[in-house]
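>>> Next comes the sequence, and after it the predicted model I'd like to discuss.
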Amino acid sequence: MQSLDKKNHTAVSEFILLGFSSESQVRMVLFTFFLLLYLITLLGNGLIVSLIYLDSHLHTPMYFFLSILSLVDMSYVTTTVPQMLVNMIYPRKTISWGACLAQMFIFLVLGIAECVLYAIMAYDRYVAICFPLHYSILMNRSVCIKMVILCWSISIAGALIYTIFTMRLPYCGPYKINHFFCEVPAVLKLACADTSFNDKLDFILGFILLLVPLSLILASYVRIFASILRIRSTQGRLKSFSTCASHVTVVTMFYGPAMIMYMRPGSWYDPERDKKLALFYNVVSAFLNPIIYSLRNKDVKGAFLKVLGNKKTAR
């Protein structure tokens with residue numbers, strides 16, 4: 001039986017991504033909607049990266065991490081959305097075994113990086129608000145670079161564990177993934193083997209990669225809010241609350257659906273709900289990040305107006 005499983009596993013050459021509705025009219029509406037959403041996401045995040053690079057006033061730890069978050073978001077949606085758009089147009093919705101493996105790994109690396117980045121950004125705000133006089137020392141260039149290296153190290157290690165333990169299982173058909181990309185829970189449903197070990201592993205990894213960063217974020221913001229309440233100036237309190245509120249909003253949008261997806265028992269699998277959840281923490285959060293961080297941020301708006309002013313002067 002084991003040899004048969006291995007034979008079937010090695011015979012897998014491609015999967016079929018079922019995606020969303022099979023009706024042509026619905027597919028075209030969804031294609032137009034997600035194409036616009038994707039282009040706006042790239043434009044918004046690309047604009048933030050460009051402004052931070054061009055304006056020396058934004059060369060601070062907070063904006064350094066924000067620029068990395070924007071780059072991660074652009075890469076994050078590019079891992080899944082173009083494949084989804086192609087599958088909405090062409091009737092053949094296949095993805096090769098190798099491409100599915102690569103998509104799963106890259107998606108996980110970027111998703112885990114986003115989790116860790118949110119925690120780093122929360123710590124940055126904690127130091128800025130609770131220890132303003134020591135901020136330049138505690139968050140110097142060397143510390144920021146080490147944090148980013150740690151972020152990517154954790155992301156790659158976590159993604160490797162997820163991917164290896166998912167793709168090592170035998171897949172004996174049918175090879176139809178009821179999702180719009182190769183995500184771990186959807187792919188595991190096709191395995192013709194006991195996946196209880198994977199369920200336990202996914203829960204443990206979810207605890208380490210989701211709950212631990214979330215706990216650090218919550219701990220940081222408890223201290224932040226306590227410090228804000230001690231600020232005598234009403235204007236100062238409002239400004240601090242405004243800065244923190246944007247971060248809390250983004251964190252809630254991302255962590256909620258991700259925890260439901262990766263920390264629930266395998267028996268709770270619901271493909272239609274999972275597709276909506278994946279859209280939320282993959283596409284919607286990446287779309288909203290630049291809006292939340294830029295529209296409520298005077299520094300970013302000032303940098304944008306400055307760039308526009310320089311262009312008009314040059315003309």
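Right, received. Where do you want to start?
>>> Lowest-scoring secondary structure element of this structure by mean pLDDT?
Least confident helix or strand of the chain, by mean pLDDT, DSSP states H and E, is helix 2-11 with a mean of 46.
>>> which residues sit against stretch 195-208?
With contacts defined as C-beta atoms under 8 Å, 6 or more residues apart in numbering, stretch 195-208 is touched by 158, 161-162, 165-166, 169, 184-185, 188, 191, 259, 262-263, 265-266. For glycine as for every other residue, the C-beta is placed from the backbone atoms N, C-alpha and C.
>>> which of the residues you listed has the most neighbours?
Sorting the contacts of stretch 195-208 by how many neighbours each has (other C-beta atoms under 10 Å) puts residue 162 first, at 25 neighbours.
>>> Quick check: which element contains the residue nearest to it when sequence neighbours are not counted?
Among residues not flanking residue 162 along the chain, residue 108 sits closest, at 5.2 Å (C-beta to C-beta, 6 or more residues apart in numbering). According to DSSP states H and E, residue 108 maps onto helix 97-130.
>>> After that helix, which helix or strand is next?
helix 135-138.
>>> Using CSV, write out every CA atom in that next one.
Taking Å, rounded to 0.1, in the frame of the first residue of the first chain, the C-alpha atoms of helix 135-138 are listed here in CSV:
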residue,chain,number,x,y,z
TYR,A,135,13.9,56.2,20.8
SER,A,136,17.0,57.0,18.6
ILE,A,137,19.1,54.6,20.7
LEU,A,138,16.7,51.7,21.1
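>>> Tell me the buried residues in it?
Across helix 135-138, burial judged by 16 or more other C-beta atoms under 10 Å covers residue 135.
>>> So which residues make contact with it?
Under C-beta under 8 Å, 6+ apart, the answer for helix 135-138 is 127, 128, 131.
>>> Strands of this structure, residue ranges please.
14-17, 94-96, 176-177 (DSSP state E).
>>> Residue 277 is nearest to which of the ones you listed?
strand 176-177 (15.5 Å; C-beta to C-beta).
>>> okay, how far is it across stretch 192-200, tip to tip?
17 Å (C-alpha to C-alpha, to the nearest Å).
>>> likewise stretch 128-142?
Across stretch 128-142, first to last residue, C-alpha to C-alpha, it's 17 Å.
>>> Ok, stretch 183-200 next?
Taking C-alpha to C-alpha as the measure, stretch 183-200 stretches 17 Å from start to finish.
>>> for that stretch, what is the average pLDDT?
For stretch 183-200, mean pLDDT rounds to 88.
>>> Tell me the buried residues in that stretch?
For stretch 183-200, by 16+ other C-beta under 10 Å, it's 183, 184, 185, 186, 187, 188, 190, 191, 193, 195, 198, 199.
>>> Select from these every entry located in helices.
184, 185, 186, 187, 188, 198, 199 (DSSP state H).
>>> What does the pLDDT read for the residue nearest to the first one when sequence neighbours are not counted?
Nearest-residue entry for residue 184: residue 166, 5.3 Å, with adjacent residues in sequence omitted and distances by C-beta to C-beta, 6+ apart. Residue 166 is assigned a predicted lDDT (pLDDT) of 91.
>>> Many thanks, I have nothing further to ask.
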